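S.K.: Let's see this in three dimensions:
(chains A and B)
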There are 2 protein chains.
Amino acid sequence: MADDTDALAGAQAFVFDVFGTVVDWQGSVSAALRARTEGAADEDWVAFAKEWRQGYYETTRRVAQGGAGPGNVDVMHREILDRMLASERWQHLARLWADEERRELVLIWHRLDGWPDASEGLYALKNKAIIGTLSNGNVRLLVDMAKHADLPWDVVFAGDLLGSYKPNPKMYLGAVRHLGLRPEQVVMVAAHIADLRAAASHGLRTVYVRRPTEDAPTVRADVRAKAVGGEVDAVVDSFAELAALVG
Amino acid sequence: MADDTDALAGAQAFVFDVFGTVVDWQGSVSAALRARTEGAADEDWVAFAKEWRQGYYETTRRVAQGGAGPGNVDVMHREILDRMLASERWQHLARLWADEERRELVLIWHRLDGWPDASEGLYALKNKAIIGTLSNGNVRLLVDMAKHADLPWDVVFAGDLLGSYKPNPKMYLGAVRHLGLRPEQVVMVAAHIADLRAAASHGLRTVYVRRPTEDAPTVRADVRAKAVGGEVDAVVDSFAELAALVG
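M.R.: This next block holds a predicted model:
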């Protein structure tokens, strides 16, 4: 992708979406659930993880638009879990997990595994620029995740720190302001085109990372860099590729 | 100090004052000023640095108590510098530094050198607990400093992120809340007894670090751990000693 080599010139900081972009929530959550439920190994734990994640997505989006909802994703993950375990599809699992187990299940989201290229790619990029999270997760969750998956963030921008959730402008503009930079000096990195469109609408530059579980396959296939007529500044398949793009 | 070994049992996070506790502002700022002013090598740059620092201390304290003042320490450092260069004592230096040079001088405060034990001690402690800043500096300043002095923070708590300055309660209680911990699970580390007294008043535990330029010599000499009748949880002379206290 030689067309991308100047696309990030002048960038001083990279802020990352975390769930799905840096860590594999679907694989990690489904594996952790399977490991905790010996008697239910043939349950569809990927479907369970996806529904849990979808509830999170819908709730953060509602809160970002000014609606009611928890300001902390641990509280949010617990509420969604309780709702799922009262639903027709999953109620047969409710007996497996009392209050204490459910509190522990919520913490699965603090210890997700990085995609294979994530840690090494971030170390490489950290030598060239400021790297940080820009996630709807809360600070503690992101700190636990960084220690678990060896993610060497320079700074953690989180929903509970900036007082909202993406795609609320507070998130993108808050990160830019605290970094003391202009929007075009900050690059949003995500595996979700919606996140990048919101970032771009506030002047940030954008890198799309193709991840196998994120966005629809047609979106991943069709996304293009501006240099070839697309809408993002660069498209990569790994953080190693991203680090190589930065001078 | 065998009496201190259990003083920090159960601590899950350590938050650090930065100026003076982690980095040597006095030596770094005076050396940087001297290096930038060849024609004025025999000026008392330590006195200049101290007055600059004192202005910062007074302004952050006033803002912390609800008074007016900049919410960003870069702006604050510039205002104090301009005031100093208009004062009788330093006005002969004003001609050396036009607007652009003054903007660069403010950035000296982003690149202070760590005390000799700081980086290595923080790496050791990071393997055992969460480590973060709890500083009146702004995010960008603290991120630049971490890169310059190799300070591997898990999280950066800063005045501009938490919306005040120490000793305002927002700072101590904000860090505790975002870490998802109880106050007694968080340890404030500082070379300033006033900072530790404020932290303790909100239930945090406290470690005093003796640094040659910080607090009055009598304070440094007299401070004692609770185990021997004093007011802080532990007293150390280096971060290596601190890391060794943590199980």
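S.K.: which bits of chain A sit near chain B?
M.R.: Applying C-beta under 8 Å from any C-beta of the partner chain, one finds that chain A approaches chain B through A:74, A:130, A:138-140, A:143, A:146-147, A:152, A:154-156, A:158, A:160-161, A:178-181. To be clear about C-beta, it is placed using only N, CA and C from the backbone, and glycine gets the same treatment.
S.K.: Give me the subset of those residues that lies in helices.
M.R.: Residues of the residues of chain A next to chain B located in helices (DSSP state H): A:D74, A:V139, A:R140, A:V143, A:A146, A:K147, A:D160, A:L161, A:H178.
S.K.: just to revisit the earlier point, ChimeraX command to pick out the buried ones of the residues of chain A next to chain B?
M.R.: Of those, the buried ones go into a single ChimeraX selection, burial set by 16 or more other C-beta atoms under 10 Å in any protein chain shown:
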select /A:74,130,138,139,140,143,146,147,154,155,156,158,160,161,178,179,180,181
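S.K.: what's around A:L112, how many residues?
M.R.: Residues contacting A:L112 under the criterion other C-beta atoms under 10 Å in any protein chain shown number 25.
S.K.: Please report the distance of it from A:A9.
M.R.: 33 Å (C-beta to C-beta, to the nearest Å).
S.K.: Next: A:A190.
M.R.: Here the distance between A:A190 and A:A9 works out to 20 Å (C-beta to C-beta).
S.K.: Report the contact partners of the residue nearest to A:P169 when sequence neighbours are not counted.
M.R.: Closest residue to A:P169 apart from its sequence neighbours, by C-beta to C-beta, 6 or more residues apart in numbering or on different chains: A:H202 at 6.0 Å. Taking C-beta atoms under 8 Å, 6 or more residues apart in numbering or on different chains, we find A:H202 in contact with A:P169, A:Y172, A:L173, A:V176, A:P183.
S.K.: can you count the residues close to the fourth one?
M.R.: Taking other C-beta under 10 Å as the criterion, the count of residues near A:V176 is 23.
S.K.: and what of A:A40?
M.R.: Residues near A:A40, counting by other C-beta under 10 Å, number 14.
S.K.: Kindly report the same for the one 3 residues further on.
M.R.: For A:E43, the count of nearby residues is 17 (other C-beta under 10 Å).
S.K.: That one reaches A:R36, doesn't it?
M.R.: No: the criterion here is C-beta atoms under 8 Å, and A:E43 misses it with A:R36 at 11.1 Å.
S.K.: Okay, the closest residue in space to A:I108 that isn't next to it in sequence and chain B: tell me how far apart.
M.R.: Nearest non-adjacent residue to A:I108, counting by C-beta to C-beta, 6+ apart: A:A32, 4.5 Å away. As judged by C-beta to the nearest C-beta, to the nearest Å, A:A32 and chain B stand 19 Å apart.
S.K.: So for the helix or strand harbouring A:A32, mean pLDDT?
M.R.: Taking DSSP states H and E as the criterion, A:A32 maps to helix A:25-35. In this model, helix A:25-35 has an average pLDDT of 94.
S.K.: Can you list the helices and strands that it packs against?
M.R.: Where contact means 3 or more C-beta pairs under 8 Å, 6 or more residues apart in numbering or on different chains; DSSP states H and E, helix A:25-35 is packed against helix A:45-64.
S.K.: quick one: buried residues of the helix it packs on?
M.R.: A:45-46, A:48-53, A:55-56, A:59-61, A:63-64.
S.K.: What are the boundaries of the helices in chain A?
M.R.: Listed in chain order, the helices of chain A (DSSP H) span A:25-35, A:45-64, A:73-85, A:99-106, A:118-126, A:139-149, A:159-162, A:169-178, A:193-201, A:217-222, A:239-245.
S.K.: so the third one versus helix A:45-64, what angle?
M.R.: The reference is to helix A:73-85. Interaxial angle, helix A:73-85 versus helix A:45-64 (axes from the mean of the first three to the mean of the last three C-alpha atoms, to 10 degrees): 130 degrees.
S.K.: Run through who's touching helix A:73-85.
M.R.: Here helix A:73-85 makes contact (C-beta under 8 Å, 6+ apart) with A:48, A:51-52, A:55-56, A:59-60, A:69-70, A:90-91, A:93-94, A:97, A:102-103, A:105-107, A:109, A:136-138, A:140-141, A:159, B:180.
S.K.: Show me which positions of it end up buried.
M.R.: Using 16+ other C-beta under 10 Å as the test for burial, helix A:73-85 gives A:V73, A:D74, A:M76, A:H77, A:R78, A:E79, A:I80, A:L81, A:M84, A:L85.
S.K.: do the first one as well
M.R.: Applying a neighbour-count criterion of 16+ other C-beta under 10 Å, one finds A:W25, A:Q26, A:G27, A:S28, A:V29, A:S30, A:A31, A:A32, A:L33, A:R34 buried in helix A:25-35.
S.K.: and the residue nearest to A:E214 when sequence neighbours are not counted, how many residues sit next to it?
M.R.: Distances taken as C-beta to C-beta, 6+ apart place A:A191 nearest to A:E214, at 3.8 Å, with adjacent residues excluded. If you count neighbours by other C-beta under 10 Å, A:A191 ends up with 24.
S.K.: Now A:A191. Its backbone dihedrals?
M.R.: Backbone dihedrals for A:A191, given as degrees, to the nearest 10, come out at phi -100, psi 20.
S.K.: about what we covered before: for the residue nearest to A:I108, give its distance to B:Y56.
M.R.: Distance, A:A32 to B:Y56, using C-beta to C-beta: 47 Å.
S.K.: same check, this time on A:F157
M.R.: Separation of A:F157 from B:Y56 (C-beta to C-beta): 25 Å.
S.K.: Could I get the contacting residues of A:D17?
M.R.: A:L134, A:S135, A:K166, A:M188, A:V189, A:A190, A:A191, A:H192, A:D195.
S.K.: Need the residues you listed in a markdown table (columns: distance to A:V246).
M.R.: Below are these laid out as a markdown table (distance: C-beta to C-beta, whole Å):
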| residue | distance to A:V246 |
| --- | --- |
| A:L134 | 17 |
| A:S135 | 21 |
| A:K166 | 23 |
| A:M188 | 14 |
| A:V189 | 11 |
| A:A190 | 17 |
| A:A191 | 18 |
| A:H192 | 21 |
| A:D195 | 20 |
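S.K.: Filter those residues down to the ones in strands?
M.R.: Of these, the ones assigned to strands by DSSP state E are A:L134, A:S135, A:M188, A:V189, A:A190.
S.K.: export those residues to TSV and tack on pLDDT?
M.R.: Below are these laid out as TSV (pLDDT from 0 to 100):
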residue	pLDDT
A:L134	98
A:S135	97
A:M188	98
A:V189	98
A:A190	98
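S.K.: Weed out the non-buried ones from those.
M.R.: Those of the ones in strands among the contacts of A:D17 that meet the buried threshold are A:L134, A:S135, A:M188, A:V189, A:A190, by 16+ other C-beta under 10 Å.
S.K.: Tell me how many other residues surround A:A98.
M.R.: Other residues near A:A98 come to 9 when the count uses other C-beta under 10 Å.
S.K.: you'd agree A:D215 is up against A:D195?
M.R.: No: checked against C-beta under 8 Å, the pair A:D215 and A:D195 is beyond contact range at 9.9 Å.
S.K.: Those two: who's more crowded?
M.R.: Per other C-beta under 10 Å, whichever of A:D215 and A:D195 has more neighbours is A:D195, with 24 against 20.
S.K.: isn't the more buried one right up against A:Y172?
M.R.: No: taking contacts as C-beta under 8 Å, A:D195 lies outside contact range of A:Y172: 9.3 Å.
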